[in-house]
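A.B. asks: Sequence plus the predicted model coming up.
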Amino acid sequence: KTARFQAFSLVIALGLGIGAPIDARADEPLDPVAQEAQQSFAAGREAMKKGELGRAVELFKHSQELKPTPGTLLNLAIVEEQLGKLTASLAHFKLALTELPAGDDRLPVATDAIARLTPRTPSLRIDRAVGALMNMRIKLDGAPVATSSLGTDQPLDPGTYEVVTQTPGHEDRRYEVKLVEG
């Protein structure tokens, strides 16, 4: 199923020609930054064709940093999904959806992907136990968890995570959490 899905995503990206990042009139030369973005985008598409997905992500990110466009976001999101980076992929599809104009033929690509990814993307909810000390610190994979994110579902990619609670005067407690798709 996964291999078939990846092939389908690649066909969508290549078959629809999901937007060149730069819309310029043929008689107007591109500025150097736009040219670099276009070259990075084209190299990203070529890397996709060759199955070099990690390289494609980096090239699309570079193109997007130079000259943000919804077409580049869509290509980036497709590759991220194939790599299992579901949270980044979902975020990029949602952002692209907000940037595509009404009637754009790429709207169904973004909306279908969001509908497909939303139920697949796992989330983690961390709550303080009743009676836990307020000065307890919580870390997720070594990074502090903001108090504002406690008690809310946080979308994460599938994988294994370490949650550590630290309270002054007490031994740290470590929990391994494995998240799977769906």
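C.D. replies: Great, that's in hand.
A.B. asks: what's the pLDDT at the nearest residue to L107 once chain neighbours are set aside?
C.D. replies: If the residues on either side of it in the chain are set aside, L107 comes closest to L100, at 5.4 Å by Cβ to Cβ, 6 or more residues apart in numbering. For the C-beta atoms, the positions are set from N, CA and C on the backbone; glycine is no exception. Looking at L100, its pLDDT is 96.
A.B. asks: Same check on the one 5 residues further on?
C.D. replies: At D105 the predicted local confidence, pLDDT, stands at 96.
A.B. asks: isn't there a strand covering it?
C.D. replies: No: counting by DSSP: H, G, I helix; E, B strand; the rest coil, D105 is not part of a strand but coil.
A.B. asks: That one: neighbour count?
C.D. replies: 10 (other Cβ atoms under 10 Å).
A.B. asks: Could you tell me the phi and psi values at it?
C.D. replies: phi -70, psi -10 (degrees, to the nearest 10).
A.B. asks: same thing with G71?
C.D. replies: Here G71 shows phi and psi, under degrees, to the nearest 10, equal to phi -60, psi -40.
A.B. asks: Any regions of the protein where pLDDT drops low?
C.D. replies: 1-29 (pLDDT under 70).
A.B. asks: what's the burial count for the residue nearest to L107?
C.D. replies: 21.
A.B. asks: can I assume it is in contact with T111?
C.D. replies: No: counting by Cβ atoms under 8 Å, L100 stays clear of T111, with 9.7 Å between them.
A.B. asks: Which positions within stretch 161-169 qualify as buried?
C.D. replies: Under the neighbour-count criterion of 16 or more other Cβ atoms under 10 Å, stretch 161-169 has V163, T165 buried.
A.B. asks: ok now it, how far from the chain's centre?
C.D. replies: 28 Å (Cα atoms, centre = their mean, to the nearest Å).
A.B. asks: neighbouring contacts of it?
C.D. replies: 124, 126, 132-133, 135-142, 172-179 (Cβ atoms under 8 Å, 6 or more residues apart in numbering).
A.B. asks: From those residues, which land in strands?
C.D. replies: L124, R137, I138, K139, L140, R173, R174, Y175, E176, V177, K178, L179 (DSSP state E).
A.B. asks: Just the buried ones among the contacts of stretch 161-169, please.
C.D. replies: Using 16+ other Cβ under 10 Å, the buried ones in the contacts of stretch 161-169 are L124, I126, I138, L140, L179.
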